[in-house]
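Engineer: give me the fold of what follows.
(one chain, ligands or ions: 3)
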Amino acid sequence: APILFSLRAIKSQEEVEQMQRACDITKAGFERVLQFVKPGVMEYEIEAEFMHEFLRRGSRGFAYTPIIGSGFNACVLHYIENSDECKAGDVILMDVGAEYGNYASDMTRCVPVSGKFTDRQRAVYNTVLSVMRGAIKLLRPGVSLHEYHIQVGELMTKELLDLGLITAEDVANENPAWPAYKKYFMHGTSHFIGLDVHDVGHWHEPIQVGHVFTVEPGIYVAADDETVEARWRGIGVRIEDDIVVTKDGYLNLTEKIVKTVEDVEAVCQGKTLAEAS
Ligand code: GLY
Ligand code: MN
Ligand code: MN
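Structural biologist: Residues are numbered from 1 along each chain as shown. Ligands and ions are numbered 1, 2, ... in the order given. Alright, predicted model coming up:
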């Protein structure tokens, strides 16, 4: 098994091509869904739209059970019921990926049901996006995954302080084994991906060229969190891309899947990306 773990963790060019195709099919599914979302649609209808687009593009289906969580459901990390109605004013968290040629893709995007984020949804979204951009830059050959996760935690700590969700006192008194930021970002940032969505790999060895990781920071404010003002409660945002580590940097397999607030809103409102930018 350890030998196979090493072989599977480092992707050949052909494997990266299969994964790119899986991500491109996921992109097509997401673009279909962006045209479909409006107040009143059911989460499972969104799941069906993804499946329709995946199958017609030669995928055998989902690489893992999709998470389509609107409103408070976005804060339930492994929400897979996908059974609620999407209501005006809510954000829908979609963690969905197509499989292609036995390889997985793993994407998360968040979409406002009414086509426009509220100010606080936008603030949380842009915070997550900023941590994600910082994290992607840290994924370099030679870096240890342990150190990487610590550094992403530091980025998230700074951003949560700026947002006002945690205080300097929280950070000064934090338990190093469960830092203050974990209250709002309680899962890991990255995992190996390949033949499995959570693929095998040696977590205690330095990052190598050819490794493929997800990068998936998130912020989840529970509906009953009384340590923050009510207006923050019940917001869950995660953004997830798939990144190939290269000699000089990285290749983002999900780069072309709309991601900024401006682009997501524009496409939700029926504009093309060219019109948006
Ligand atoms: N979709 C599972 C994960 O993001 O790890
Ligand atoms: Mn995911
Ligand atoms: Mn993932």
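Engineer: just the pLDDT for the residue of the stretch 1-150 of the chain found nearest ligand 1.
Structural biologist: Distance from ligand 1 to each residue of the stretch 1-150 of the chain (CB to the nearest ligand atom) is smallest for residue 95, at 4.6 Å. In short, each C-beta sits where N, CA and C put it, glycine included. As predicted, residue 95 sits at a pLDDT of 98.
Engineer: residues near it, how many?
Structural biologist: Applying other CB atoms under 10 Å, we find 24 residues neighbouring residue 95.
Engineer: could you look up the SS state of it?
Structural biologist: strand (DSSP: H, G, I helix; E, B strand; the rest coil).
Engineer: does any bit of the helix or strand harbouring residue 92 sit next to ligand 3?
Structural biologist: For residue 92, the host element (DSSP states H and E) is strand 91-96. No: judged by CB under 5 Å from the ion, strand 91-96 stays clear of ligand 3, getting no closer than 7.2 Å.
Engineer: give the pairing partners of that strand; include direction for each.
Structural biologist: strand 67-70 (antiparallel), strand 107-112 (antiparallel) (DSSP bridges).
Engineer: after that strand, which helix or strand is next?
Structural biologist: Once the chain leaves strand 91-96, the next helix or strand it forms, by DSSP H and E, is strand 98-100.
Engineer: contacts for that next one, please.
Structural biologist: With CB atoms under 8 Å, 6 or more residues apart in numbering as the contact definition, strand 98-100 has outside contacts at 18-19, 21-23, 25-26, 29, 50, 54, 57-63, 105.
Engineer: switch to 7 Å and redo it
Structural biologist: 18, 21-22, 25-26, 29, 54, 59-63, 105 (CB atoms under 7 Å, 6 or more residues apart in numbering).
Engineer: Produce a PyMOL select command limited to the buried residues of those residues.
Structural biologist: The buried residues among those can be selected in PyMOL (16 or more other CB atoms under 10 Å) with this line:
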select buried, resi 18+21+22+25+26+29+54+59+62+63+105
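Engineer: ok, of the contacts of strand 98-100, which one's closest to residue 116?
Structural biologist: residue 29 (22.5 Å; CB to CB).
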